[in-house]
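A.B. asks: give the three-dimensional model of this entry:
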Amino acid sequence: YADCAGLHYDVSLAKSGLNLSFFGYQDKLSVLIMKTLDRMKNLSSVCDESLFERKKEKQMRDYSNYLFSQPYSHCIHNTAICLEEPRWSSAEKRAALSTIELVDFQSYAKQIISLLKVEVFVHGNSTSQEAMEFATSIHETLGSQPLPCAMEPIRRVVALEPGVTYIYRDHCKNCNPAEKNSAIQNLYLVTDENSADDINTN
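C.D. replies: Got it, this is the predicted structure:
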């Protein structure tokens with residue numbers, strides 16, 4: 001019904017958490033937001049065994065299929081793994097997911113809602129007062145406590161030593177024995193002596 005009324009939403013995974021995006025007519029958008037957040041809050045109770053198994057199977061299949069992606073994709077992915085902390089490979093994610101059961105998901109679904117740092121961005125024809133009301137309604141609907149600064153996720157970039165060459169080699173045939181192609185990625189960190197900022201060029 002929401003889609004027919006021109007209202008849409010999207011949930012995606014970001015490095016720092018979850019991104020929730022809502023689009024549509026302003027007069028009914030708040031209804032969609034509140035219903036979606038209420039569903040999220042009670043996700044542990046509405047997700048049954050069959051739904052969990054279907055989603056888990058699909059995600060496991062996606063992780064396995066990634067092993068057969070193009071070599072250049074592996075290049076980009078492995079470079080990020082080498083330079084970012086924390087970062088996990090598809091194989092590591094698949095291994096972790098393989099041991100998760102419904103009860104684990106239900107426990108985590110409750111835990112992730114209990115402590116949250118919520119950032120709200122409103123644009124369009126909404127006023128600043130309406131934007132503040134959106135933010136307040138979101139906090140009240142979720143009923144979560146503010147996330148302590150010490151628990152905020154921190155992503156670190158590995159510092160490469162000047163004048164040192166690092167080589168990371170991973171054969172695509174380890175993932176796909178039938179793969180005949182290969183790829184290489186060169187990454188140079190160029191630093192201005194008068195500036196602390198690094199410029200990344202691929």
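
A.B. asks: helix, strand, or coil at E133?
C.D. replies: helix (DSSP: H, G, I helix; E, B strand; the rest coil).

A.B. asks: same deal with the one 4 residues further on?
C.D. replies: The three-state assignment at S137 reads helix, by three-state DSSP.

A.B. asks: and for it, nearest residue in space, chain neighbours not counted?
C.D. replies: M34 (6.4 Å; C-beta to C-beta, 6 or more residues apart in numbering). Yep, even glycine has a C-beta here, placed from its N, CA and C like the rest.

A.B. asks: strands of this structure, start to end?
C.D. replies: 8-14, 17-23, 84-85, 115-116, 145-146, 156-157, 188-191, 198-201 (DSSP state E).

A.B. asks: which strands border the fourth one, and is each parallel or antiparallel?
C.D. replies: Read that as strand 115-116. Looking at strand 115-116 with DSSP bridges, its partner strands are strand 145-146 (parallel).

A.B. asks: can you check which helix is longest in this protein?
C.D. replies: Criterion DSSP state H: the longest helix present in the chain is helix 49-66.

A.B. asks: buried ones in that helix?
C.D. replies: Neighbour-count burial for helix 49-66 flags F52, K56, Y63, Y66 (criterion: 16 or more other C-beta atoms under 10 Å).

A.B. asks: relative to H139, how far out is the third one?
C.D. replies: Spelled out, it's Y63. 34 Å (C-beta to C-beta, to the nearest Å).

A.B. asks: flag the shaky bits of the chain, pLDDT-wise.
C.D. replies: Scanning the chain for pLDDT under 70 picks out 192-202.

A.B. asks: helices of that one, start to end?
C.D. replies: Assigned helices in the chain, in chain order: 26-41, 43-46, 49-66, 71-83, 90-98, 102-114, 128-142 (criterion: DSSP H).

A.B. asks: so which of those helices is nearest Y166?
C.D. replies: When the helices of the chain are compared by C-beta to C-beta, helix 71-83 sits nearest Y166, at 7.8 Å.

A.B. asks: please enumerate residues in contact with the closest one?
C.D. replies: Residues outside helix 71-83 that contact it (C-beta atoms under 8 Å, 6 or more residues apart in numbering): 66, 87-90, 157-158, 166, 168, 170, 172, 175, 179, 181-185, 187.

A.B. asks: just give me how far it sits from the chain centre.
C.D. replies: Offset of helix 71-83 from its chain centre (C-alpha atoms, centre = their mean, to the nearest Å): 17 Å.
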